[in-house]
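Q: With the sequence up front, the predicted model follows.
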Amino acid sequence: MTKDRTAAKEARLHGILDSATELLIHKPTASLNEIAEHAGIGIATLHRYIESREQLILQLGLRALKVVGDSMNEVPLDEETIEDYIPALIEALIPLGDKIHFLTHDASLYYSEEIIAAERKIKEPICHAVELLQKKGAVRQDMSADWIWNVLYTLVFVAWQQVEDGRIAKRSAAKLVTETLFHGVAAK
């Protein structure tokens with residue numbers, strides 16, 4: 001296959017995944033026929049790229065983790081300014097809510113070795129940053145970095161869901177997540 005054909009096939013797959021993402025956010029039970037229709041292609045064309053719904057969800061999950069990882073790589077992890085890392089990370093992740101949707105809504109992803117490995121890779125720098133913040137006394141030391149990662153992950157997802165539902169403004173979501181993570185919900 002030529003380089004141009006490979007690039008065209010890759011672009012077509014990304015278009016299909018984008019359409020599937022768009023539809024599945026609002027209709028999580030959409031069939032492959034509905035996804036093909038939403039993408040403006042026939043079911044036979046869809047099956048040239050995606051063999052099954054399980055494969056589609058896996059592709060969406062892996063793509064979501066790649067997008068999240070790429071965004072995280074743009075946030076500098078500098079020990080001198082480690083206090084800025086988590087807020088900057090939250091700012092970078094909030095706009096990706098539609099991509100991370102698949103990581104929390106499809107139970108089959110919890111058992112995929114590929115997803116588990118990709119998630120572990122993403123988790124490492126965040127847990128490292130949390131451990132540095134713990135050493136500096138900026139976050140509690142009586143909680144594991146893994147626990148704090150899971151709280152952050154959940155808050156980012158809930159913020160995106162609230163933005164999608166129109167309950168909070170997108171521009172205030174990152175600040176709300178940061179405040180909740182570092183200060184909880186107790187009255188001052």
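A: Thanks, I have it. Since we're looking at a predicted model, the values are computed, not measured.
Q: per-domain residue ranges of this protein.
A: 1-51, 61-183 (automatic domain parsing).
Q: Tell me the buried residues in the helix or strand that contains A118?
A: Remark: A118 resides in helix 113-135, with elements defined by DSSP states H and E. Within helix 113-135, the residues that qualify as buried are I115, A118, E119, I122, P125, I126, A129, V130, E131, L132, L133, Q134, counting by 16 or more other C-beta atoms under 10 Å. Backbone N, C-alpha and C define where each C-beta goes, glycine included.
Q: Same check on stretch 155-162?
A: L155, V156, F157, V158, A159, W160, Q162.
Q: just stretch 72-81 next, same as before
A: M72, V75, L77.
Q: What's the separation between the residue nearest the centre of the chain and E113?
A: When C-alpha atoms, centre = their mean is applied to the chain, the residue found nearest the centroid is I100 (2.8 Å). As for I100, its distance to E113 is 19 Å (criterion: C-beta to C-beta, to the nearest Å).
Q: V68 too?
A: For V68 relative to E113 (C-beta to C-beta), the value is 18 Å.
Q: Same question for M72.
A: 21 Å.
Q: Quick check: which ranges of this protein have low pLDDT?
A: Along the chain, the model assigns pLDDT under 70 to residues 1, 101-108.
Q: Tell me which stretches of it form helices.
A: 3-26, 32-39, 43-49, 53-73, 85-93, 97-105, 113-135, 145-164, 170-183 (DSSP state H).
Q: how many neighbours does S144 have?
A: 13 (other C-beta atoms under 10 Å).
Q: again, but for A64
A: Neighbours of A64 using other C-beta under 10 Å come to 24.
Q: Would you agree it is in contact with I100?
A: Yes. Using C-beta atoms under 8 Å, A64 is in contact with I100, at 5.4 Å.
Q: From P95, how far off is K123?
A: For K123 relative to P95 (C-beta to C-beta), the value is 20 Å.
Q: Next, count neighbours for the closest residue to I16 other than its chain neighbours.
A: Closest residue to I16 apart from its sequence neighbours, by C-beta to C-beta, 6 or more residues apart in numbering: A39 at 5.1 Å. Residues lying near A39 (other C-beta under 10 Å) number 20.
Q: Likewise for Y110?
A: Around Y110 there are 12 other residues, counting by other C-beta under 10 Å.
Q: Same check on P28?
A: Neighbourhood size, P28 [other C-beta under 10 Å]: 11.
Q: Also W147?
A: Counted with other C-beta under 10 Å, the neighbours of W147 add up to 12.
Q: ok so, going back, let's have the buried residues of helix 113-135 in TSV, adding distance to E179.
A: Converted to TSV, these look like this (distance: C-beta to C-beta, whole Å):
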residue	distance to E179
I115	30
A118	29
E119	26
I122	23
P125	22
I126	18
A129	18
V130	17
E131	22
L132	21
L133	16
Q134	19
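Q: Lovely, talk soon.
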